[in-house]
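Trainee: Based on what follows, work out the 3D shape:
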Amino acid sequence: MMLAIYPPREELADLLVTGPFADALRVAIQVRGLSLERLQHRLRVRGAPISVTALSYWQSGRRRPERPESLRALAHLEDVLGLPDTALSRLLGPPRPRGRSRRREAPPRSPWDGSGLVLTAQHDRVDVASCGGVRGIRTRQVVQATAAGVDRWILCQETGSAQPAVTAIRSCRVGRVARERTNGVLVAELMFEEPLSPDESVAIEYELIYPSPTAEHTHFRRFGERVHDYVLEIKFPLDAPPVSCERFATGPAGAEMSGGARQEPVDAWGYAHTAALDFGPGLYGMRWSMPVTAAVNATRSSTNGK
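Mentor: Below is the predicted model:
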């Protein structure tokens, strides 16, 4: 039996008629060619903030927009994706029952789920290219065991379409690595030198290096639980400082926190930094914009080098 393979645009046209919602959204995002981070940014600019996690859940079918704020964001999302009004929302069908009779569905557990660890501190240093894209991220983490025999940390990094290489720097080694290209997520095992005892902690360090600078001018971390100490440094080239650099923070539902956005200065060494104490759950990061000439020069340099 032969399987018919449709071009994405033809597949999208069919899905907008037949559904299901998750498949139609996933293919619409594929056709539009935008990362989930870029979609989130465009929705936030429109005053309809939604988390990258929520967008990922919607297109995978693990969740669906039901709350009023989610449905408002979906209306804007249809416009961002270049779809007719209600093209996606009409595929949702009747709302699911709520209240005590509704059974809460636990999210699927990864087979690599590394339970028994608490993240207590994290320090990210992001290296930015002259075009404004991210070249690499070096991370130091302190994790504490809550159970005996825990021997690995599970790294889950949203990378968009890029495929960075993972390198262990200190007190760990890289185990299995998986790349979920549809949602742009990298998952990797960071194996400790020895299994931990309860209440024992370990400080690990690792690095992600991208084959070429990313298209996104932002870096953030998503914390599912409260973290005591998070420090984020952005290193810009001395000859290509940013026009602006802003920190931001959102709550677990994706809404930007009051007072969470703030401009951060870049020092004489090309660094901007921000720090959060006892933060989470939520998302915390920085975004920046570069001069137009920097992007043009970077493109010319890349073209001339070919």
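
Trainee: Only C-alpha atoms from now on, for both contacts and neighbour counts.
Mentor: Noted.

Trainee: what does the model give residue 132 for pLDDT?
Mentor: Model confidence at residue 132, given as pLDDT, is 93.

Trainee: Let me know how buried it is, in neighbour terms.
Mentor: Using other Cα atoms under 10 Å, residue 132 has 26 neighbouring residues.

Trainee: Would you agree it is in contact with residue 287?
Mentor: No. If you go by Cα atoms under 8 Å, residue 132 and residue 287 don't touch, sitting 10.1 Å apart.

Trainee: who touches both of the two?
Mentor: Residues touching both residue 132 and residue 287 (Cα atoms under 8 Å, 6 or more residues apart in numbering) are residue 217.

Trainee: what are the ranges of the strands in the stretch 101-250 of the chain?
Mentor: Ranges of strands within the stretch 101-250 of the chain are 117-128, 134-145, 150-158, 165-170, 172-180, 185-196, 201-209, 218-223, 227-235, 244-250, based on DSSP state E, counting those that start in this stretch.

Trainee: so can I have a markdown table of those showing distance to residue 70 and mean neighbour count?
Mentor: Converted to a markdown table, the strands of the stretch 101-250 of the chain look like this (distance: least, Cα to Cα, whole Å; neighbours: other Cα atoms under 10 Å):
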| stretch | distance to residue 70 | mean neighbour count |
| --- | --- | --- |
| strand 117-128 | 30 | 20 |
| strand 134-145 | 30 | 19 |
| strand 150-158 | 22 | 20 |
| strand 165-170 | 35 | 16 |
| strand 172-180 | 25 | 16 |
| strand 185-196 | 23 | 18 |
| strand 201-209 | 33 | 18 |
| strand 218-223 | 19 | 20 |
| strand 227-235 | 27 | 19 |
| strand 244-250 | 15 | 20 |
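
Trainee: Go through those strands and name the closest to residue 76.
Mentor: Residue 76 lies closest to strand 244-250 among the strands of the stretch 101-250 of the chain, at 19.1 Å (Cα to Cα).

Trainee: Quick one: mean pLDDT for that closest one?
Mentor: The model assigns strand 244-250 a mean pLDDT of 90.

Trainee: Check stretch 51-61 too.
Mentor: Per-residue scores along stretch 51-61 average to 84.

Trainee: Distance from that stretch to the middle of the chain?
Mentor: Stretch 51-61 has its C-alpha centroid displaced from the chain centroid by 11 Å (Cα atoms, centre = their mean, to the nearest Å).

Trainee: What of stretch 137-152?
Mentor: That offset, for stretch 137-152, works out to 21 Å (Cα atoms, centre = their mean).

Trainee: how long is that stretch end to end?
Mentor: 20 Å (Cα to Cα, to the nearest Å).

Trainee: if we can go back for a sec, relative to residue 14, which of the strands of the stretch 101-250 of the chain is closest?
Mentor: strand 172-180 (24.9 Å).

Trainee: List the contacts of that closest one.
Mentor: Against strand 172-180 from outside (Cα under 8 Å, 6+ apart): 163, 166-168, 185-193, 204-205.

Trainee: How far away from the center of its chain is it?
Mentor: The mean C-alpha position of strand 172-180 is separated from the chain mean by 17 Å, Cα atoms, centre = their mean.

Trainee: and that strand with strand 185-196, angle?
Mentor: Orientation check (axes from the mean of the first three to the mean of the last three Cα atoms, to 10 degrees): strand 172-180 against strand 185-196 gives 150 degrees.

Trainee: Export strand 172-180 to CSV, keeping only CA atoms.
Mentor: Output in CSV follows, covering the C-alpha atoms of strand 172-180 (Å, rounded to 0.1, in the frame of the first residue of the first chain):
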residue,chain,number,x,y,z
CYS,A,172,29.1,15.4,34.6
ARG,A,173,29.2,13.6,31.2
VAL,A,174,26.7,13.6,28.4
GLY,A,175,24.6,10.5,28.1
ARG,A,176,21.7,10.0,25.7
VAL,A,177,20.6,12.9,23.5
ALA,A,178,17.3,13.4,21.7
ARG,A,179,16.2,16.2,19.5
GLU,A,180,12.5,16.8,19.0
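
Trainee: what number of residues lie near residue 292?
Mentor: Counted with other Cα under 10 Å, residue 292 comes out at 10.
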